[in-house]
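S.K.: For reference, the sequence and a predicted model appear below.
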Amino acid sequence: MNMTQISSGAWLMKAGKILTAGRRNRMEETNEFLQRMEKIRAKHSGMGRYRQYKCPLCEDRGFIVQDDGKGHDVAKKCRCYAVTRAKELMEQSGISEELCRKTFENYNPGRSAQLEKAKAKAEGYARDFINFEQGRHNSILLSGQVGAGKTHLGMAICNTLLNLCNVGVVYMSYRNAVMEIKQTVMDKENYYAIINRYCNARLLYIDDLLKGRSTEADLNILYEIINYRYMHNKPMVISTEKLPESLIEFDEAVGSRILEMCRGNIVILNGLELNYRMKL
Ligand SMILES: [Zn+2]
């Protein structure tokens, strides 16, 4: 072995180390790159552990693109759309966050057998909703005195259907809605936009129906909404301080339609021993 051989061997070894080191660096870079790509891919396909879509079907776009069978791509509203929209509507409706959180789990009937029964009825309604939605008797009336927890039960039905069954719910505070609608009477476009929202909601919750003094104009607005929903078999959850018989006395056209739609689901919360709010 001569000097040249030694030095060339050393050089080769050195060069090999550099090459290996270079290769390792490049391999590390490649692996890192692939990992980064995988993260991005996982994020966008909604399948990896980086998935964060509320709706994996449409990846939160609200629509999905489908083949219409004739070779054309058509955009269709995703089934999450109505729910997202209903949530927006609920937010716009002025429901407090507190109302959004009212559920069957946190409804406390205390020791009242009557409230226990009312809760069971409301839960049964929510459970069977999908089955009788299209039928004639598809609504529920929660009637009774202030403080009986009517609104809590009504909201529990709505929140259950909205969150667990993808049912689009629209909340309508009777007094506020009637005032709002009356203010738009001169603006037909706006008027019908509001009326349509209440008429066409998959499930409409009318809170505190007929609260306060109602004028002829108020009753006409109410009739328009109730009659539309009656004619089209569209369900409602209604809470009111009025008893069923006084609904009819108050306005026969409105009252009789409500009672027919709520047949089998009329819950009366009355009696001096009830004061749900005081028990909380
Ligand atoms: Zn979706």
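M.R.: That came in fine, so what should we check first?

S.K.: Tell me which helix or strand the residue nearest the centre of the chain sits in.
M.R.: Computing the C-alpha centroid of the chain and ranking residues by Cα atoms, centre = their mean puts residue 162 first, at 3.5 Å. Here residue 162 sits within helix 150-165, counting by DSSP states H and E.

S.K.: Return the set of buried residues in that helix.
M.R.: 150-162 (16 or more other Cβ atoms under 10 Å). For the C-beta atoms, the positions are set from N, CA and C on the backbone; glycine is no exception.

S.K.: Farthest-apart pair in the residues you listed, please.
M.R.: 150 and 162 (18.3 Å; Cβ to Cβ).

S.K.: hang on, the residue nearest to the centre of the chain packs against residue 84?
M.R.: No: applying Cβ atoms under 8 Å as the test, residue 162 and residue 84 come out as separate, 10.7 Å apart.

S.K.: Compute the number of surrounding residues for the residue nearest to residue 83 when sequence neighbours are not counted.
M.R.: Using Cβ to Cβ, 6 or more residues apart in numbering and skipping residues adjacent in sequence, the residue nearest residue 83 is residue 166, 5.1 Å away. Residues lying near residue 166 (other Cβ atoms under 10 Å) number 14.

S.K.: Could I get the pLDDT score of the residue nearest to the centre of the chain?
M.R.: Note on residue 162: pLDDT of 83.

S.K.: part of a strand, is residue 206?
M.R.: Yes: under DSSP: H, G, I helix; E, B strand; the rest coil, residue 206 sits within a strand.

S.K.: can you count the residues close to it?
M.R.: Quick note: residue 206 (other Cβ under 10 Å) scores 26 neighbours.

S.K.: show me the contacts for it.
M.R.: 172, 174, 236-239 (Cβ atoms under 8 Å, 6 or more residues apart in numbering).

S.K.: Would you mind listing what in the stretch 1-150 of the chain touches the ion?
M.R.: 55, 57-58, 78, 80 (Cβ under 5 Å from the ion).

S.K.: Cool, thanks, signing off.
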